[in-house]
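In: one predicted model, sequence on top.
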Amino acid sequence: MSNDDETAKADGGTASQSETVEDERFEEHPLEWDEPENNHKAPGERDSVSHRTEKYDDRKLVTGQAKYTADYEERYPDLAYAAVVRSEIPHGRVTGIDTSAAEAMDGVEAVLTPKSDTVPDAKYTSAGQSYPEPSPWDMRVLNEHVRYIGDPIAAVAAEDRATATAAVEAIEVSYEEYDYVTDPEDAFNEDAPQLFEDGEVENEIVGHDYDRNRMAHIGGELGDVDGALDDDTHVHETEWETIRQSHANVEKHTSLAYTDEDDRHVLITSTQVPNHTRRQLAHLFDIPIRDIRVTKPRVGGGFGGKQAMVVEPIPLALSLATDRPVLYEASREEEFYAMRSRHPMKVKAKTAVTDDGDIEAIDIYALSNTGAYGSHGMTVAGNVGSKPMPLYSKVPNARFEADIVHTNTPQTGAMRGYGAPQGTLALEGHLDEVARDLGLDPIEFRRRHHMEVGDLDEIAGMMGGEGANRRIRSCGLDECIERGKDAIGYDDLEQPDADHLHRGIGMALSAQGTGVAGDELGAAQIMMNEDGSFHLQVGGVDIGTGADTAFLQIAAEVLGCDEDDIIVKSSDTDVTPFDYGAYASSTTYISGMAVKKAAEDAKERILDWGAKLLEEPVDVLETGDGTVYSERSGNSVTLEDIGYEAAYGDDEREHILGKGTHCTEESPPPFAAQFADVTVDETTGEFEVHKLVVAVDCGVAINPGMAEGQIEGANHMSYEMAVSEGITLDDEGRAEIADFDEYGLPSAAETPPIESILVETHEPTGPFGAKSVAEVPTNTVPPALSNAVRDAVGVRIREMPISAEKIKAKLDERKA
């Protein structure tokens with residue numbers, strides 16, 4: 001046999017094996033989905049879904065009738081108020097706490113220190129995530145070893161806020177001060193001050209090395225990245241840096257704890273994760289889960305900052321000590337230095353690209369500053385790679401690595417986008433630079449590689465996580481790009497008349513997830529009243545997003561009733577079914593599908609009763625307009641008639657209930673195309689953003705008005721990340737921000753017009769074709785604005801925020 005014959009045989013064998021592997025992948029991850037027939041409705045067939053229904057709580061919010069946690073103080077005449085003593089040094093050990101002056105003050109009910117009986121000594125993580133928690137147990141309620149300016153040391157309960165504050169100020173704390181480190185690169189050095197000693201952390205995470213302040217190291221690879229980088233390709237490498245961003249919740253972290261008449265412990269609290277908080281409190285205080293109740297009133301903003309058990313243990317410990325209700329409401333200053341923020345990161349991006357413009361490899365490395373503790377540290381860092389990189393599913397070789405490092409700085413945690421904004425900045429800014437360096441059109445360069453329907457996403461699972469090899473069943477990226485281009489005037493850009501002014505347009509693409517594949521659970525129950533109305537009980541958490549409204553629309557679509565005929569009760573661990581909570585863009589997709597299943601379960605019984613009253617078979621009956629009607633005869637019976645007959649009938653009676661539970665291995669990505677139009681003054685570096693346009697494929701929008709509101713709010717948060725300094729720290733790691741007046745949150749007048757465009761696709765795994773919308777537009781303004789500045793004046797800003805000073809410095813550097 002000749003060498004040519006042997007080569008041909010080998011090639012043929014490889015192709016056959018490749019086809020076999022692909023066939024197996026399609027069999028395991030098929031494009032087709034066993035979708036219920038009623039899940040796919042044409043727009044004209046939708047009675048409730050896809051309509052701009054008024055938000056369920058809008059009128060209550062506007063009139064002041066909606067109750068937030070702090071509003072409940074009026075219900076408890078014996079309420080005590082909490083305040084916290086926090087560390088004034090970045091690193092050290094408490095050697096003494098003199099509480100005598102505070103304890104002697106009139107109106108002080110209790111003073112707690114780390115050694116107090118009602119203060120748990122157990123370690124825990126504040127991260128409100130699934131069980132077992134993918135975060136280290138490295139925290140205590142009150143601390144002797146303090147690791148940042150803001151670490152809680154002691155707590156006070158007093159009869160009023162002023163007395164509690166005065167008592168805190170009267171407590172004297174002495175320290176043994178240690179060396180400290182605030183820069184993550186310095187912290188990673190072997191000779192850096194060490195935040196955690198041996199045995200101080202439980203539930204240690206993969207890749208930890210506390211001798212070098214590393215909480216975790218994660219990574220994974222698809223294909224052979226080094227091989228691609230060594231080939232005859234153009235290798236580009238860039239580095240990017242993001243800010244420490246505040247959630248800027250209008251409602252501060254607030255929690256009220258008391259013991260009820262059955263000796264059960266009740267928390268009324270502003271949280272995104274009631275059931276996780278209940279479980280964590282049970283662990284921490286060694287109380288059975290059955291004896292803890294967590295209920296969520298209206299929430300004045302979460303954005304991930306309340307996806308953690310941040311303040312709840314302190315009022316519970318004080319309530320146990322005083323035997324009275326205790327309310328803890330954080331101060332605005334505490335919000336900035338002692339609660340949570342977005343992880344600041346440095347991200348390196350590297351690609352190998354052929355002469356023809358084919359991306360052969362993407363390599364991303366992230367160094368994440370997790371601050372003093374590790375809540376959400378590993379999972380956020382993982383999303384730096386697992387959210388943006390799969391967008392380019394046609395790239396054959398991909399690698400992601402991250403180091404998550406402790407510093408003596410305030411805690412970081414979950415925040416809207418959850419790592420994807422940091423990764424999207426790096427990747428989308430990098431690809432724009434590569435395209436320009438190679439003389440390629442930045443949009444067409446992306447189009448050659450981005451996801452399409454039918455693609456198999458292997459990159460998201462390359463680190464061994466859930467959701468590996470998800471099949472893409474809905475993708476509106478091309479339409480997002482085209483509609484965004486039209487709205488921004490991409491092909492009709494006119495330059496200013498003045499020679500020193502230059503106009504440019506930048507764009508960026510983004511993908512997110514919809515829930516956490518294989519790691520979510522939502523449940524719902526619907527009860528029919530005898531007058532044909534319904535009570536919907538759902539564990540899903542509305543944190544201001546309008547989730548309760550979406551639940552009503554989904555239920556009404558199934559039941560064929562008016563939304564006003566449904567009362568929703570959500571997020572009370574004693575009353576509503578179990579749900580993981582509001583995070584990871586999961587609420588509509590996971591909890592909403594549970595609602596749909598519960599409504600279908602109830603509908604089945606409603607149709608059965610309708611068949612009895614109409615004396616027709618069930619298979620010719622349908623619900624609509626508050627009735628059960630026959631598609632064969634046209635006869636109908638009202639839901640009210642059915643309700644009374646079921647409850648009070650002569651021969652048979654039934655309380656019509658519907659139950660639904662939903663979990664899934666799927667996490668379909670929503671997509672966004674962002675455009676930014678900017679004019680830059682080359683003499684000063686000053687710039688004006690004329691308009692932001694973001695087109696989003698969120699599947700079917702359950703409520704288009706609410707979806708647009710989510711898009712615009714997310715884009716504003718993204719714009720802040722691009723132009724604001726965020727939370728700045730001094731040399732000791734002390735937050736330099738104490739109030740909104742000092743924080744660079746762009747006002748309405750300072751924010752450019754934001755145009756949101758909904759691109760409808762149909763996601764067969766979601767309720768009526770829906771997938772997520774609230775996070776994907778959070779990722780895209782920093783890269784789009786960086787790309788726009790590059791388009792306008794030819795210089796690149798990689799360290800956020802983008803400022804006139806940085807642009808001018810780059811322009812001057814180019815001239816030198």
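Out: Cool, the structure landed. Numbering: from 1, shown residues only.
In: doesn't H449 make contact with V395?
Out: Yes - counting by CB atoms under 8 Å, V395 sits close enough to H449 to count as a contact (5.9 Å). For every residue, glycine as well, the C-beta is placed using N, CA and C.
In: what do these two both touch?
Out: When contacts are counted by CB atoms under 8 Å, 6 or more residues apart in numbering, V395 and H449 are jointly contacted by I359.
In: quick one, which of those two is more surrounded?
Out: Summary of the neighbour comparison: V395 and H449, criterion other CB atoms under 10 Å, with V395 having more neighbours (24 against 16).
In: who touches Q411 in this structure?
Out: Residues in contact with Q411 (CB under 8 Å, 6+ apart) are 126, 148, 150, 338-341, 371-373, 375.
In: how close does it get to D186?
Out: Distance from Q411 to D186, counting by CB to CB, to the nearest Å: 19 Å.
In: likewise T354?
Out: With the distance defined as CB to CB, T354 ends up 39 Å from D186.
In: what of H762?
Out: Remark: distance between H762 and D186 (CB to CB) = 50 Å.
In: cool, A308 as well?
Out: As for A308, its distance to D186 is 27 Å (criterion: CB to CB).
In: these two - which one has more neighbours?
Out: Just comparing A308 and D186: by other CB under 10 Å the higher neighbour count belongs to A308, 29 against 14.
In: state the distance from the more buried one to G220.
Out: Counting by CB to CB, the gap between A308 and G220 amounts to 26 Å.
In: partners of the longest strand seen in the chain, with directions?
Out: The strand that spans the most residues within the chain, counting by DSSP state E, is strand 359-371. In the sheet containing strand 359-371, its partner strands are strand 345-353 (antiparallel), strand 397-406 (parallel), by DSSP bridges.
In: among those, which is nearest D224?
Out: With CB to CB as the criterion, D224 lies closest to strand 397-406 of the strands paired with strand 359-371, at 5.8 Å.
In: and the closest one, how far out from the chain middle?
Out: Using CA atoms, centre = their mean, to the nearest Å, the distance from the centre of strand 397-406 to the centre of the chain it belongs to is 20 Å.
In: after that strand comes which helix or strand?
Out: Using DSSP states H and E, the helix or strand that follows strand 397-406 in sequence is helix 420-437.
In: and the angle from that following helix to strand 345-353?
Out: Here helix 420-437 runs at 40 degrees with respect to strand 345-353, directions being taken by axes from the mean of the first three to the mean of the last three CA atoms, to 10 degrees.
In: buried set for the helix or strand following helix 420-437?
Out: Per DSSP H and E, the first helix or strand lying C-terminal to helix 420-437 is helix 442-447. Of the residues in helix 442-447, those buried by neighbour count under the rule 16 or more other CB atoms under 10 Å are 442-443, 445-446.
In: still on that earlier bit, do you know which of the strands paired with strand 359-371 lies nearest T271?
Out: Ranking those by distance to T271, with CB to CB as the measure, places strand 397-406 first at 24.5 Å.
In: pLDDT on the closest one, on average?
Out: Across strand 397-406, the average pLDDT comes to 97.
In: quick revisit: closest one to V156 out of the contacts of Q411, please.
Out: For those, the closest approach to V156 (CB to CB) belongs to A338, at 15.4 Å.
In: the helices in the stretch 601-750 of the chain, which residues?
Out: Listed in chain order, the helices of the stretch 601-750 of the chain (DSSP state H, counting those that start in this stretch) span 639-648, 704-723.
In: could you verify my assumption that L559 touches K603?
Out: Yes - at 5.9 Å, L559 and K603 qualify as touching, with contact defined as CB under 8 Å.
In: what touches both of those two?
Out: Residues touching both L559 and K603 by CB under 8 Å, 6+ apart: T623.
In: neighbour count: those two, which is higher?
Out: With other CB under 10 Å as the criterion, L559 and K603 differ in neighbour count, and L559 comes out ahead with 27 against 23.
In: residues in contact with that one?
Out: Counting by CB under 8 Å, 6+ apart, L559 touches 526, 534, 566, 599, 602-603, 606, 623, 639.
In: now, those residues that are in strands?
Out: Cross-referencing the contacts of L559 against strands under DSSP E gives 526, 534, 566, 623.
In: out of these, who's nearest I711?
Out: When the ones in strands among the contacts of L559 are compared for distance to I711 (CB to CB), I566 comes out closest, at 26.3 Å.
In: bridging residues for that closest one?
Out: When assigned by DSSP bridges, I566 has beta-bridge partners F534.
In: how many other residues sit next to it?
Out: Other residues near I566 come to 20 when the count uses other CB under 10 Å.
In: read off the pLDDT value for the closest residue to D363 other than its chain neighbours.
Out: The shortest distance from D363 to any residue that is not its chain neighbour, by CB to CB, 6 or more residues apart in numbering, is 4.2 Å, and that residue is K350. Looking at K350, its pLDDT is 98.
In: now swap in the one 4 residues further on and tell me
Out: Note for T354: predicted pLDDT of 95.
In: what of A8?
Out: 38.
In: same question, D198
Out: Per-residue confidence for D198 comes out at a pLDDT of 85.
In: dump the residue contacts of it.
Out: Contacts for D198 (CB under 8 Å, 6+ apart) come out as Y210.
In: that's a helix at it, yeah?
Out: No - the assignment for D198, made by DSSP: H, G, I helix; E, B strand; the rest coil, is coil rather than a helix.
In: contacting residues around the closest residue to V723 other than its chain neighbours?
Out: Once its chain neighbours are removed from consideration, V723 has its nearest residue in P801; the separation is 5.1 Å (CB to CB, 6+ apart). Neighbouring residues of P801 by CB under 8 Å, 6+ apart: 243, 721-726, 744.
In: mind checking what secondary structure P801 has?
Out: When states are read from three-state DSSP, the local structure at P801 comes out as coil.
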